[in-house]
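Asker: Sequence first, predicted model second:
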Amino acid sequence: MAVKVAAAVVVVLLFVWSSEPGTFTLFCHAEQEVPSDIRCLKSIKESLEDPLSSLSHWNLNNNTEGFICGFSGVECWHQDENKVLNLNLSGMGLKGNFPRGIADCHSLVQLNLAHNQLSGPIPSDISDLLPYVTSLDLSNNNFSGQVPATLANCSFLNVLRLHHNRLTGSLPTQLAMLDRIKIFRVSNNLLSGPVPPFISKHTFIMRDSFANNKGLCGFPLEPCNSNNNNKRKSDVHSSEVPFGIGYALSFIAMFISCCVPWTEIKMEMKWIAFYMLEKRNKRKQAHNKPIKFQDEFFFKKQIGRFEKTINRMSFTELSKATGSFSLGNVIGFGKMGTMYKATLANGWFLAVKRLHHDCEQSEKKFISELLAMSRLRHENLVPLLGFCIHNNEKLLVYKYMSNGNLYDWLHPVAGANNKILEWPLRVKIAVGVARGLARLHHNTKFRIVHRSLSSNCILLDRYFEPYISNFGDTIISNRGGVMFVCSNDSDSGQFVNSGMWESDFVKKDVYDYGIVLVELITGKEHITSGSSNSLHKTLVEWIDHVSTSSFILNDAIDKHLIGQGFDDDIIQFLKIASDCVQPYPYQRSTMLQVYRAVTTIGQKYDIPCQELVSPRKKLRDSFES
């Protein structure tokens, strides 16, 4: 009798650079059984000293599917599977050697061990331990010995950070084989000898990447056999580029670098500043004629920045996965574009948004979504897995949500055999959306407002966990009040007065959330747009009216909620909605207040309250320095 395999073989999706530079190809790799990832984390925890108890809550005595996904520093491919995608143990005070148990995390794509006290050599067989790694950060440790030549076998590497260690010897010439490398830093080590020749192909890898290694030479450093004359000539040559940009851009970039506290996006803000300067000059030349957004230089530079944090994927593969974007694979229509269900060869699903071809608006919304989603990950924001640009095509690739959007559940097509959205699930959705918006508004480093929240852009996974999507109209702001708008209105592409932030933008999200609450309760669409005080007042008065008695309430709420024993909680939700849709913005609650209010009700339904002030795991900044 054949022995049945204990766990099914899983297939891991990796996004791998294709032969065409700047694109990704999808391919499948047969993997070991899922429990290997649990062995991986257990081995890491046991092999490292943890004086700060950073890993103390890694309780591995659990058989629940996906339980490791809640561990600090662990990001899974899917929240309901014990399969590690990224491991970020940065700044945890860990001591010891490189954890060889990492080899059991077969699906690992990114590893960050920076800012610890790890020592010893980098394993000579590192390519066997991390065969599919795309980003490896071992910086700010005490690693010693030589840089292993086998790193060249990590052929998917896009990011390699080894700076601030005690590495010696020369850089292996085999590193020239890393033709996909985008970020390479070995500064502040004890290295010597020539820089590998692959560097010359990547102008964005500057000499600072090799600084404070007295023995290194070769481009972009001094020639290995240079004399003083050559040194002076090289210095003059290297200084030509910055001055060629122009004094105006230099001043703006210097101002941003010195004065803007939002350090994580300084590089992108510099490009925005340059774009704004160009736009102002063009406006003067055109006598105030409308300026198109699709400045080719700005657009290409922004896309180049996004490639560091988001996978750029192959149009051919995405087209194949959607049946050449066939009508049968359409799962939704929106103002930004059409959403398709993509089926990979291994049976996995993705959601692919194909933006409309109206160039100006398409570029605006495309960049806006990338600006927002490249910066953060949160359990209630739809995960952006990649993007694609091909001729006039612009595609955004997301995790597939099997239960569609909230609107379709609340407003089913007549005659269709639809399931009922029970009240506890509606509470779960309300809490999750509030949590996501509160994180956007109250993040400690930067803030984002959505500006177009509706039941259409609230997606539901198979457990009815809500995910906010459609970030094409967002505004991004730092804590100093500097903002950049990327939308289709008159503020598009301009810095915005910080006094407008709270009243005009943040409280607009609060109002929209109140509308979603009313929609969850009534199953009807009420006010979806408009800003006149009379409309706001009408809705507030209506909420006050229906809350006065159960008889009136039953006439207003969704018929599936009548007589289910939830009237008291429904009235409490209506009161929260009323606070959100008050006539004047200053009268409305903040999303943090709203989240706490709905969570109080949610706890009756075993929906946990998650603290928003400690975002190490649930919210991860995705900036590249």
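Answerer: It's in.

Asker: CA only for contacts and neighbour counts going forward, please
Answerer: Noted.

Asker: and M339, that's in a strand?
Answerer: Yes: residue state for M339 (DSSP: H, G, I helix; E, B strand; the rest coil) corresponds to a strand.

Asker: ok, which stretches of the stretch 51-200 of the chain are strands?
Answerer: Ranges of strands within the stretch 51-200 of the chain are 74-76, 84-88, 95-96, 110-112, 117-121, 135-137, 142-146, 159-161, 166-170, 183-185, 190-194, based on DSSP state E, counting those that start in this stretch.

Asker: Please name the strands paired to the fourth one in the sheet, noting orientation.
Answerer: This points to strand 110-112. The pairing partners recorded for strand 110-112 under DSSP bridges are strand 84-88 (parallel), strand 135-137 (parallel).

Asker: And for the last one?
Answerer: For strand 190-194, the pairing partners within the sheet under DSSP bridges are strand 166-170 (parallel), strand 215-217 (parallel).

Asker: can you put these in JSON lines and add distance to N311, mean pLDDT and mean neighbour count?
Answerer: Output for those, formatted as JSON lines (distance: least, C-alpha to C-alpha, whole Å; pLDDT from 0 to 100; neighbours: other C-alpha atoms under 10 Å):
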{"stretch": "strand 166-170", "distance to N311": "30", "mean pLDDT": "91", "mean neighbour count": "19"}
{"stretch": "strand 215-217", "distance to N311": "32", "mean pLDDT": "85", "mean neighbour count": "19"}
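
Asker: related to what we said a few turns ago, could you say which one of the strands paired with strand 110-112 comes nearest to F471?
Answerer: strand 84-88 (23.9 Å; C-alpha to C-alpha).

Asker: re the thing from before, I'd like the strands paired with strand 110-112 as CSV, with mean neighbour count and mean pLDDT appended.
Answerer: Shown next, in CSV, are those (neighbours: other C-alpha atoms under 10 Å; pLDDT from 0 to 100):
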stretch, mean neighbour count, mean pLDDT
strand 84-88, 22, 90
strand 135-137, 21, 92
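
Asker: want to throw those into TSV with distance to P194?
Answerer: Below are those laid out as TSV (distance: least, C-alpha to C-alpha, whole Å):
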stretch	distance to P194
strand 84-88	32
strand 135-137	22
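
Asker: closest to G563 out of those?
Answerer: Nearest of the strands paired with strand 110-112 to G563, taken as C-alpha to C-alpha: strand 84-88 at 44.6 Å.

Asker: quick one, strands of the stretch 351-500 of the chain?
Answerer: 384-390, 393-399, 446-449, 458-460, 466-468, 475-478, 483-485.

Asker: In CSV, list those strands along with distance to K320, mean neighbour count and mean pLDDT.
Answerer: Shown next, in CSV, are the strands of the stretch 351-500 of the chain (distance: least, C-alpha to C-alpha, whole Å; neighbours: other C-alpha atoms under 10 Å; pLDDT from 0 to 100):
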stretch, distance to K320, mean neighbour count, mean pLDDT
strand 384-390, 14, 20, 87
strand 393-399, 14, 20, 89
strand 446-449, 34, 22, 79
strand 458-460, 24, 24, 93
strand 466-468, 26, 26, 94
strand 475-478, 34, 22, 72
strand 483-485, 35, 21, 50
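
Asker: out of those strands, nearest to P194?
Answerer: Of all these, the one in closest proximity to P194, counting by C-alpha to C-alpha, is strand 384-390 (35.7 Å).

Asker: Show me which positions of stretch 65-85 end up buried.
Answerer: 66-69, 71-77, 79, 81-85 (16 or more other C-alpha atoms under 10 Å).

Asker: Can I get the strands paired with strand 190-194 in JSON lines including distance to T538?
Answerer: Shown next, in JSON lines, are those (distance: least, C-alpha to C-alpha, whole Å):
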{"stretch": "strand 166-170", "distance to T538": "68"}
{"stretch": "strand 215-217", "distance to T538": "72"}
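
Asker: Of all these, which one is nearest E46?
Answerer: Counting by C-alpha to C-alpha, E46 lies closest to strand 166-170 out of the strands paired with strand 190-194; the figure is 24.9 Å.
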